[in-house]
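Student: A predicted structure for the sequence below; I have some questions about it.
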Number of protein chains: 2
Amino acid sequence: MARQKAGTEFARIARIERLLSGAPAPGVEVGIGDDAAVLRARGPLVWSIDAQVEGVHFERRWLPGDAIGYRSFMAATSDLAAMGARPVAALSNLALPARFGEGELTALVEGQARAAKQARCPIIGGNLSRASELSITTSVLGTAARPLLRSTARPGDELWLLGEVGLAAAGLAALRRRTRPRGAAVERCIEAWRWPRARLDAGARLALCAHAAIDVSDGLAGDAAHIARASQVCIAIDAAKLRAALAPELGRAAALLGLDPLELALFGGEDYALLATGPRARRPRAARPIGLVERGQGVCIDDTGARRALGASFDHFAPSRRKVSGSRAASPRRAGPR
Amino acid sequence: MARQKAGTEFARIARIERLLSGAPAPGVEVGIGDDAAVLRARGPLVWSIDAQVEGVHFERRWLPGDAIGYRSFMAATSDLAAMGARPVAALSNLALPARFGEGELTALVEGQARAAKQARCPIIGGNLSRASELSITTSVLGTAARPLLRSTARPGDELWLLGEVGLAAAGLAALRRRTRPRGAAVERCIEAWRWPRARLDAGARLALCAHAAIDVSDGLAGDAAHIARASQVCIAIDAAKLRAALAPELGRAAALLGLDPLELALFGGEDYALLATGPRARRPRAARPIGLVERGQGVCIDDTGARRALGASFDHFAPSRRKVSGSRAASPRRAGPR
């Protein structure tokens, strides 16, 4: 960690360092323990930062301690997948409440370490500070020979989905219920919310064939709108194709929860699927075509012969949506329909 | 910013982007508005992350809105100075309370932008999220042909101070008083706490001649202890030389506050001076010698013929020091003696 402190904080940093130590990271010359990390990387650098805040992005009662670390790391790394980049390393800023226990910290860091290992993105430094609420801010650095942007979709492109959508939103909706409907489908959705994976391999493949890409963190509709706006195109989602692409568990879980699977897919984020556009002839095997890129603007959906415009995704700061969970002001971002 | 949202959050991000836009940043291929920033940089990368949390590192009533952004940026950039690195770019994660006003946000980002301009370190991306307390997490990336470490001090080196120490701690002590003593010296100290500068030029010069360096964020004693521990040496501070190196305003302000200037210098951080070690013959003009590196371990101070060991700096998590300011649990880190 970048700043070492005396006493208990020093001991905490030493423990974190042990938990994060693994195989030597290629290109990393100085890791945890100095003012900054030192590394070497080739080619264009792709660099992002993302935060997960207790009471906004999660409640501790909704997930095991290691999943807090795991999903915060994967959410950050997903930005690299969306750019078609290969991870190099990460820095982690942990803001811990005064009463955050040593066992909780160990679990959190173990979750980060597991995610970092899976993503081949070692955590090589960071910072510890106190706060009234738990938050994990992760900065990730990668490289990409040809970074995939949001702004380069072209009319005539197909719209591709890589990975599942809607499951995490259904899982979160289930976690929010006082009495949770039972069943394997609901449990699968809860696991999807708790343990997302950044689609780094899919992103790297897309970098070879797609024109534009984004990760689905806010919901398919909202993230498609980002591509549409940045590329100055219209994105038309085919409802029948999207329905056909949804996981069977999503339909079963949605029925138990009394929710619409298509709405979960369109407005629920946090599965960290990738949404990309590209020429039909170059569509990768793992990509399911769910629409088209057209001249125009905005996002619409074609359903049983009719076309309707799709509104944006949830808004962090919109007053009408501000209150979500119980005791704290929580954000509806990445929260799925309620 | 990395994640764009609809509605008010989108508008906020657009305003932030306008506030941060300046001269084109060399090497930056993609800035705010995609999943990640894309940049090119030569040589070893030096990379760090730092957070400033309301109620822990500052209270909003203690400083103007733009100083919140300014000092959070300079505190993060100081890590690059300590490594002898030249800044390339920064990412900013803003966690904003629900009631954080648009005017407050503008002031904060204007302060960041001013600091970024002074440090020649453009903010090229970031993230916005909600939180119950204001926090600013900044990740900075730089390059250094030969990064300056903490672990390479050698017995026989001189101990060098570049910049002021103690002023910021005196300023913070004054801000904490219900009735603040008046006078130009106290005001100078308050300004030192509110508007610190990362000593990037001094760091770059040190990279050519010093053996080891650190920035003084936690206090001279604690930061010297980090060098001593990492380099497995003893650092002996010469009290007379340190006293002679202190700013005259520190003595005057300390007298008005009833505090000891030497203690402010040893245990107060946040001036972001640089502490370095190196051979006497290569001491830069701006460096004041305040001690020696010896065989052994720990940090001691030689004062009027007697040597005594110096304890570590303040500890973020030590229970006995947990409560500092009024309504919230605040950290004594970087807080100066009380």
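Tutor: Okay, I see it.

Student: pLDDT weak spots in the stretch 151-300 of chain A?
Tutor: Counting by pLDDT under 70, the stretch 151-300 of chain A contains no low-confidence residues.

Student: For it, just list every one of the helices.
Tutor: A:167-176, A:184-194, A:200-206, A:220-231, A:239-245, A:248-257, A:261-267 (DSSP state H, counting those that start in this stretch).

Student: Just send those back as a markdown table, with distance to chain B and mean neighbour count too.
Tutor: (Glycine included, C-beta is placed from N, CA and C.) As requested, the helices of the stretch 151-300 of chain A are exported to a markdown table (distance: least, CB to the nearest CB, whole Å; neighbours: other CB atoms under 10 Å in any protein chain shown):
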| stretch | distance to chain B | mean neighbour count |
| --- | --- | --- |
| helix A:167-176 | 16 | 27 |
| helix A:184-194 | 18 | 21 |
| helix A:200-206 | 10 | 22 |
| helix A:220-231 | 6 | 25 |
| helix A:239-245 | 20 | 16 |
| helix A:248-257 | 24 | 20 |
| helix A:261-267 | 11 | 25 |
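
Student: Serialize these to TSV and add fields for distance to residue B:224.
Tutor: Formatted as TSV, these follow (distance: least, CB to CB, whole Å):
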stretch	distance to residue B:224
helix A:167-176	48
helix A:184-194	44
helix A:200-206	42
helix A:220-231	49
helix A:239-245	60
helix A:248-257	58
helix A:261-267	54
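
Student: mind exporting the helix or strand hosting residue A:129 as CSV, just the C-alpha atoms?
Tutor: Assigned by DSSP states H and E, residue A:129 falls within strand A:123-130. What follows is strand A:123-130, C-alpha atoms only, in CSV (Å, rounded to 0.1, in the frame of the first residue of the first chain):
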residue,chain,number,x,y,z
ILE,A,123,-3.0,-5.6,-6.9
ILE,A,124,0.3,-3.9,-6.5
GLY,A,125,-0.5,-1.0,-4.2
GLY,A,126,-3.2,1.2,-2.7
ASN,A,127,-4.2,3.2,0.3
LEU,A,128,-6.0,2.7,3.6
SER,A,129,-8.2,5.3,5.2
ARG,A,130,-10.9,5.6,7.7
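
Student: Of all the helices of the stretch 151-300 of chain A, which one is nearest residue A:14?
Tutor: With CB to CB, the closest approach to residue A:14 among the helices of the stretch 151-300 of chain A belongs to helix A:184-194: 28.8 Å.

Student: Which elements pack onto the closest one?
Tutor: Applying 3 or more CB pairs under 8 Å, 6 or more residues apart in numbering or on different chains; DSSP states H and E, we find helix A:184-194 packed against helix A:65-82, helix A:167-176, helix A:248-257.

Student: what element comes up after the longest one heading to the C-terminus?
Tutor: Which is helix A:65-82. Note on helix A:65-82: by DSSP H and E, the next helix or strand toward the C-terminus is strand A:86-96.

Student: Give the other helices and strands that that next one contacts.
Tutor: Secondary-structure packing of strand A:86-96 (3+ CB pairs under 8 Å, 6+ apart): strand A:37-39, helix A:65-82, helix A:102-119, strand A:123-130, strand A:135-143, helix A:200-206, strand B:45-53, strand B:135-143.

Student: Export the second one to CSV, keeping only CA atoms.
Tutor: Output in CSV follows, covering the C-alpha atoms of helix A:65-82 (Å, rounded to 0.1, in the frame of the first residue of the first chain):
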residue,chain,number,x,y,z
GLY,A,65,-17.3,-10.6,3.0
ASP,A,66,-15.2,-12.0,0.3
ALA,A,67,-17.8,-11.2,-2.3
ILE,A,68,-17.6,-7.5,-1.4
GLY,A,69,-13.9,-7.6,-2.4
TYR,A,70,-14.5,-9.9,-5.4
ARG,A,71,-17.3,-8.0,-7.0
SER,A,72,-15.7,-4.6,-6.5
PHE,A,73,-12.6,-5.8,-8.3
MET,A,74,-14.5,-7.4,-11.1
ALA,A,75,-16.7,-4.3,-11.6
ALA,A,76,-13.6,-2.2,-12.0
THR,A,77,-11.8,-4.7,-14.3
SER,A,78,-14.9,-4.9,-16.5
ASP,A,79,-14.0,-1.5,-17.9
LEU,A,80,-10.8,-3.0,-19.3
ALA,A,81,-12.9,-5.8,-20.9
ALA,A,82,-15.1,-3.2,-22.5
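
Student: What residues sit buried inside that helix?
Tutor: A:65-82 (16 or more other CB atoms under 10 Å in any protein chain shown).

Student: Also the third one?
Tutor: Residues A:104-116, A:119 are the ones in helix A:102-119 that count as buried (16+ other CB under 10 Å).

Student: Wait, residue A:119 touches residue A:199, no?
Tutor: No: applying CB atoms under 8 Å as the test, residue A:119 and residue A:199 come out as separate, 10.4 Å apart.

Student: re the thing from before, what's the closest of the buried residues of helix A:102-119 to residue B:59?
Tutor: Of all the buried residues of helix A:102-119, residue B:59 sits closest to residue A:105, with 26.3 Å by CB to CB.

Student: Which residue, other than its chain neighbours, is closest to the residue nearest to the spatial centre of chain A?
Tutor: Centroid check for chain A by CA atoms, centre = their mean gives residue A:75 as the closest residue, at 3.3 Å. Excluding the flanking residues, the one nearest residue A:75 by CB to CB, 6 or more residues apart in numbering or on different chains is residue A:50, at 5.6 Å.

Student: Identify the bridge partners of the one you found.
Tutor: On the basis of DSSP bridges, residue A:50 is bridged to residue A:138.

Student: neighbours around it, how many?
Tutor: Residue A:50 sits with 28 neighbouring residues when counted by other CB atoms under 10 Å in any protein chain shown.

Student: how close does it get to residue A:67?
Tutor: 16 Å (CB to CB, to the nearest Å).

Student: Equivalent analysis for residue A:157, please.
Tutor: Taking CB to CB, one finds residue A:157 at 36 Å from residue A:67.

Student: Next: residue A:164.
Tutor: Distance from residue A:164 to residue A:67, by CB to CB: 17 Å.

Student: Residue A:137 now?
Tutor: Residue A:137 is 17 Å from residue A:67, by CB to CB.

Student: Residue A:125 too?
Tutor: 23 Å.

Student: How about residue A:48?
Tutor: 21 Å.

Student: Equivalent analysis for residue A:220, please.
Tutor: Distance of residue A:220 to residue A:67, given as CB to CB: 24 Å.

Student: ok, the residue nearest to the centre of chain A - contacts?
Tutor: Contacts for residue A:75 (CB atoms under 8 Å, 6 or more residues apart in numbering or on different chains) come out as A:50, A:52, A:138, A:196, A:198, A:217, A:270, A:272.

Student: and if you look at residue A:224?
Tutor: A:159, A:214, A:235, A:237, A:275, A:299, A:310.

Student: What count of nearby residues applies to residue A:8?
Tutor: Number of residues near residue A:8 (other CB under 10 Å) recorded here: 14.

Student: tell me the SS of it?
Tutor: Look at residue A:8: counting by DSSP: H, G, I helix; E, B strand; the rest coil, its state is helix.

Student: Show me the contact partners of stretch A:240-259.
Tutor: Here stretch A:240-259 makes contact (CB under 8 Å, 6+ apart) with A:161, A:164-167, A:170-171, A:173-174, A:177, A:181, A:183-186, A:188-189, A:220, A:260-262, A:264-266, A:288-291, A:301, A:303-304, A:337.

Student: Repeat that for stretch A:113-121.
Tutor: Under CB under 8 Å, 6+ apart, the answer for stretch A:113-121 is A:19-20, A:22, A:66, A:69-71, A:73-74, A:77, A:80, A:86-90, A:122-123, A:140, A:142, A:197-198, A:200.
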